[in-house]
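> Fold the following for me, if possible:
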Amino acid sequence: MAACSTTPEPGHGQGEETFSPTRVVPLVEARRNAIQLELKIQSLLTQEYGVGQWNPPQKNSQVTASSTVTCPDEYVTESWDFATAGPIKDSQWRNAVERVYTILKPLGYDKPAMRQIRNDHITVFPHPDTGGRVEIRYDKATVIIVNTGCAKGGEWEGWPDGTEVLPEHLRTTGRAPIDLDHEIWPTAAPPSDTGQPQTPGSPSTPQTNGNTPAPSPGTASPGQAGLSTGKANLTSSRFPYIP
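Here you go, the predicted model:
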C-alpha cells in the first residue's frame, strides 16, 4: 500500500511525510509518459472544447523538480507544464472534467473532489500508487500540469532522454533557469508515432502520431468511454458528474 502524505494546496511546496510508491519506474520513463499524457489531454481540449493552439512559454520553465509530496531516498518527481492555450468556457468546464477523466481513469487516477469540479477553476486528479497528479486550471488561459509521481532516479537524471516525444515547436525554456543559455533538447525530431499515454509510473508504449495517440486494441477511445454523446453516465451519487 502507498503511504500517502498530508499535502498542502497545489503549488505550495512539499508534503510533510514521505510517499512510498507501490512500483519502481525509472525517471526517464516516467518523464516520457508524463509528456505523452499531457499531449493527449491538450489534443482533447483543443478538438472538443475549442481552446485553440497550445503555446510554450518564452521565460518561465516548462518543467520543475518540485512536488506536493516528498519522495523516499533515490526517488524524485518532475512536474510538466509545457504550454498554455485559451480558456475553457465556464459552461463547458464540468463536461471537460468528465472527458479528461475518461482518459485518466484507465491509468489509475482517482476522481477529483466535487468542490473542485463545481466551484473552482482548478481540478486535480491524484494517482494513489505513485503520488503523481494531473491538474487542470483555466481562467485567462488553460493550463495542464502533469506530475510524474515518485520515480526512481536522481534530479534530472538522463536528461534529455524521455523528452524526444515533445514536438519541436513546444521545446523552449525546458528546465529554465537551470541552464545559463539554452536548454538541452534531443537532436532528433519526435518520432512519427507518438504514444498511447501511460500513467507516468507505467511502462510506456510506442505512439501513433504527434499529439493524438491511438487507443490500445480493445480499449475504447475517450469519445467512447461513457461520454461519446458529451453527457456523463450518472452512476455515482457522491460524484454525480463523474461515472
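> Enumerate every residue touching the residue lying closest to Q42 once chain neighbours are set aside.
Leaving aside its sequence neighbours, Q42 sits nearest to W54 (Cβ to Cβ, 6 or more residues apart in numbering; 5.1 Å). Placement of C-beta: from N, CA and C, glycine included. Neighbour list for W54: 42, 46, 83-85, 170 [criterion: Cβ atoms under 8 Å, 6 or more residues apart in numbering].
> Out of those, which is nearest to P128?
The nearest member of the contacts of W54 to P128, counting by Cβ to Cβ, is Q42 at 24.4 Å.
> Surely the closest one forms part of a helix?
Yes - the assignment for Q42, made by DSSP: H, G, I helix; E, B strand; the rest coil, places it in a helix.
> Run a quick neighbour tally on it.
Neighbours of Q42 under the rule other Cβ atoms under 10 Å: 22.
> Quick check, it in contact with V143.
No - if you go by Cβ atoms under 8 Å, Q42 and V143 don't touch, sitting 10.6 Å apart.
> From C150, how far off is the residue lying closest to T172 once chain neighbours are set aside?
Sequence neighbours aside, P56 is the residue nearest to T172 in space, at 4.3 Å (criterion: Cβ to Cβ, 6+ apart). P56 sits 26 Å away from C150, taking Cβ to Cβ, to the nearest Å as the criterion.
> higher neighbour count, those two?
Comparing P56 with C150 by other Cβ under 10 Å, the one with more neighbours is C150, at 31 against 17.
> Model confidence at that one, what's the number?
At C150, the model reports a pLDDT of 94.
> Equivalent analysis for T199, please.
Reported pLDDT for T199: 62.
> ok so, going back, ok, the residue nearest to Q42 to A96 distance?
For W54, the distance to A96 - Cβ to Cβ - is 15 Å.
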